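J.: Generate coordinates for the sequence data below:
(one chain, ligands or ions: 1)
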Amino acid sequence: MDQSTDTNADIWKSQEGVQFWTAKTAEREQKRATHWRFLGELLPFDEQDVFTFLDLGAGTGAAARGILDLYPRSTAILTDFSAQMMSEGQREMQDYEGRFEYVEFDMSTSSWPAAIPAMLDAVVTSMCIHHLPDDRKQGLFAEILAHLAPGGWYVNYDPVSSADPVVEATWERVNDRDDPEAAGKRLHRTPQEQHRFENHVRYVIPLDRQLDYLRSAGFQGVDVYWKHLENVIYGGRRPA
Ligand SMILES: C[S@@+](CC[C@H](N)C(=O)[O-])C[C@H]1O[C@@H](n2cnc3c(N)ncnc32)[C@H](O)[C@@H]1O
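T.: Sure, this is the predicted structure:
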């Protein structure tokens with residue numbers, strides 16, 4: 001894709017994009033809190049284990065908070081490329097003072113900052129891999145593997161697409177039952193909503209390809225550990 005048509009950075013680094021995101025924080029937490037907790041449950045730690053995990057594209061830290069709550073002696077490194085999202089995250093994370101650190105990192109590059117430890121106990125991503133073109137999804141998965149301690153896990157919570165229009169239509173129909181206004185909203189998006197929607201779907205790809213990327217990178221135990229319609233949690237571990 002021509003980089004000039006990729007609006008991702010403009011959206012996430014704008015005050016308007018961040019305001020749109022934070023306006024729906026409560027609604028999102030209600031819908032997704034159990035999924036973020038489940039991300040944490042997939043990690044092979046005991047409740048009192050001391051470990052450090054990385055949350056890439058962490059935004060305001062929702063996934064990290066789910067894991068920090070589950071493991072009270074864990075600490076998190078949260079990365080993002082948006083100063084606006086990280087600033088909002090500093091406020092949302094204030095109850096976790098001393099247990100987290102934000103580091104600026106643009107995942108569209110492979111230049112991992114030195115502030116990210118070379119060897120991590122676990123890596124998670126939530127709702128951000130779909131913002132990367134496929135070559136960066138593949139590259140990032142390999143880089144994550146290289147930053148994991150032997151036996152360390154990577155888990156990703158993200159939407160996927162389907163090449164089968166019947167499957168896509170089924171996902172949409174079932175989702176619409178939860179939101180009777182969804183069909184109307186799809187037909188009458190404001191220009192800003194359309195802009196955000198196009199950014200959301202630009203690089204969403206089928207699940208199988210992403211699992212193949214993980215296996216090709218060298219992950220073991222690759223599986224879809226949870227799935228509801230288009231939303232999935234998949235992952236794997238670095239060989240022990
Ligand atoms: C949909 S939000 C998800 C935030 C958070 N992980 C969550 O689940 O609530 C996507 C996040 O990915 C970040 N992001 C998008 N593209 C990125 C990139 N190339 N590098 C780093 N962060 C990126 C955005 O700034 C935003 O914070």
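
J.: so what's the backbone phi/psi at the residue in the chain that the ligand sits nearest to?
T.: In the chain, the residue that lies nearest the ligand is Gly59 (2.6 Å; CB to the nearest ligand atom). Any C-beta I mention is one placed from the backbone N, CA and C, and that applies to glycine too. Backbone geometry at Gly59, expressed as degrees, to the nearest 10, gives phi 60, psi -130.

J.: What count of nearby residues applies to it?
T.: A count of nearby residues for Gly59, using other CB atoms under 10 Å, gives 24.

J.: got it, and Ala76?
T.: Using other CB under 10 Å, Ala76 has 25 other residues around it.

J.: Repeat that for Phe197.
T.: 13.

J.: so how far is Arg186 from it?
T.: When distance is defined by CB to CB, to the nearest Å, Phe197 is 9 Å away from Arg186.

J.: Where does the closest residue to Phe38 other than its chain neighbours fall, secondary structure wise?
T.: Distances taken as CB to CB, 6 or more residues apart in numbering place Trp226 nearest to Phe38, at 6.0 Å, with adjacent residues excluded. Per DSSP states H and E, Trp226 falls inside strand 220-228.

J.: Asp208 now?
T.: helix 207-217.

J.: Over to Val50?
T.: Using DSSP H and E, Val50 sits in no helix or strand.

J.: circling back to that earlier point, surely the residue nearest to Phe38 meets Arg37?
T.: No. With contact defined as CB atoms under 8 Å, Trp226 does not reach Arg37; the gap is 11.2 Å.

J.: who has more neighbours, the two?
T.: Legend: neighbour count by other CB under 10 Å for Trp226 and Arg37, higher for Trp226 (18 against 15).
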